[in-house]
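> The sequence and its predicted three-dimensional model are supplied below.
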Amino acid sequence: MMEDVAATRHSDSFFARLRRLLTDPARLRKAIYGRLRPMPYRLGISSIWPGTFVGYLPDRYSDSYAAYVQSGGTFRHDSVRGFFKGNQVNNRGDLARFYFLNMVCDQILKEGLRGDVAELGVYKGNTAFLLAELARKMGATAYLLDTFAGFSEDDLRGVDANLPVQFSDTSLAAVQSLVGTENVRFIQGYFPDSASQMPADLSLCLVHLDCDLYAPFQAALRYFYPRMVPGGFLILHDYANACWSGAEKAVDEFLADKPERVIPIPDKSGTAVLRKI
């Protein structure tokens with residue numbers, strides 16, 4: 001008899017919990033998420049196939065997102081669409097880079113760093129999309145520099161001599177359509193010649209270099225580094241990517257007599273970052 005009573009109470013308790021879940025969408029989502037989130041790891045899955053890995057989203061953008069927003073965070077989940085657009089093959093699997101860039105933007109806003117932002121090597125505008133959003137939040141300007149026609153053959157020399165012309169499948173109009181024009185200046189042309197179109201009193205809190213090759217990386221570091229504010233972020237895409245050895249060579253040579261050192265980021269193409277002292 002006592003066992004029947006206990007079973008009835010347990011059944012009532014179960015149905016009461018189920019009713020609470022079904023009548024509270026937020027509680028239901030949390031319950032489902034809490035059970036599904038650790039599933040691959042409980043199964044021992046670390047990758048789906050060679051070249052991939054299974055990883056959590058950063059807590060601030062997932063299970064702590066409500067607290068993050070309440071504290072003033074501005075990240076929007078739908079911004080990933082801009083990161084993917086027109087470049088799904090590379091970027092859909094590179095969410096580590098996406099979230100890293102967003103966390104850098106968060107840190108700049110948190111610290112109240114002043115200055116504009118710049119990117120050399122815009123390609124289709126997927127990261128420029130994020131930098132332009134940051135510039136608008138700060139009331140600053142995003143300077144986006146590219147040929148918008150792929151590599152210049154003048155840069156395919158030395159360590160990069162055997163590389164083909166790449167990244168020509170873009171255009172200034174297509175990038176403008178994705179990124180928008182508010183708080184943005186598009187600088188089209190061969191760098192460093194195109195630097196003549198930049199303001200003389202430039203001051204930068206974030207610079208993103210994604211120019212792949214030794215010659216433009218070398219020129220970019222010489223130009224942008226002295227124009228960065230203390231604490232500013234210098235992001236160096238492809239630094240640890242053996243496919244683009246010119247990038248690593250240019251960075252290592254430039255930093256040899258500088259106080260900063262690179263911090264590697266485990267995204268697809270081996271980004272590195274430093275903060276200006």
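It's in.

> can you map out the helices along the stretch 151-277 of the chain?
Ranges of helices in the stretch 151-277 of the chain, per DSSP state H, counting those that start in this stretch, are 172-179, 214-224, 245-255.

> got the angle between the second one and helix 245-255?
Orientation check (axes from the mean of the first three to the mean of the last three CA atoms, to 10 degrees): helix 214-224 against helix 245-255 gives 30 degrees.

> for helix 214-224, packing partners?
Applying 3 or more CB pairs under 8 Å, 6 or more residues apart in numbering; DSSP states H and E, one finds that helix 214-224 contacts strand 116-120, strand 204-209, helix 245-255. From N, CA and C alone the C-beta is placed, and that goes for glycine too.

> Distance to Tyr65 and mean pLDDT added to the ones you listed, as a markdown table?
Below are those laid out as a markdown table (distance: least, CB to CB, whole Å; pLDDT from 0 to 100):
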| stretch | distance to Tyr65 | mean pLDDT |
| --- | --- | --- |
| strand 116-120 | 25 | 98 |
| strand 204-209 | 23 | 98 |
| helix 245-255 | 34 | 96 |
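
> want to try TSV for the ones you listed, with distance to Asp169 as columns?
Output for those, formatted as TSV (distance: least, CB to CB, whole Å):
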stretch	distance to Asp169
strand 116-120	18
strand 204-209	20
helix 245-255	21
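
> Let's have those in a markdown table, adding distance to Ile108 and mean neighbour count.
Putting the helices and strands packed on helix 214-224 into a markdown table (distance: least, CB to CB, whole Å; neighbours: other CB atoms under 10 Å) gives the following:
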| stretch | distance to Ile108 | mean neighbour count |
| --- | --- | --- |
| strand 116-120 | 9 | 26 |
| strand 204-209 | 6 | 25 |
| helix 245-255 | 21 | 19 |
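
> so which of the helices of the stretch 151-277 of the chain gets nearest Leu36?
Of all these, it is helix 172-179 that lies closest to Leu36, at 32.1 Å by CB to CB.

> Tell me the gap between that closest one and the middle of its chain.
Centroid displacement of helix 172-179 relative to its chain, using CA atoms, centre = their mean, to the nearest Å, is 18 Å.

> Likewise for stretch 206-214?
13 Å.

> cool, and stretch 258-270?
Averaging C-alpha positions (CA atoms, centre = their mean) puts stretch 258-270 13 Å from its chain's average.
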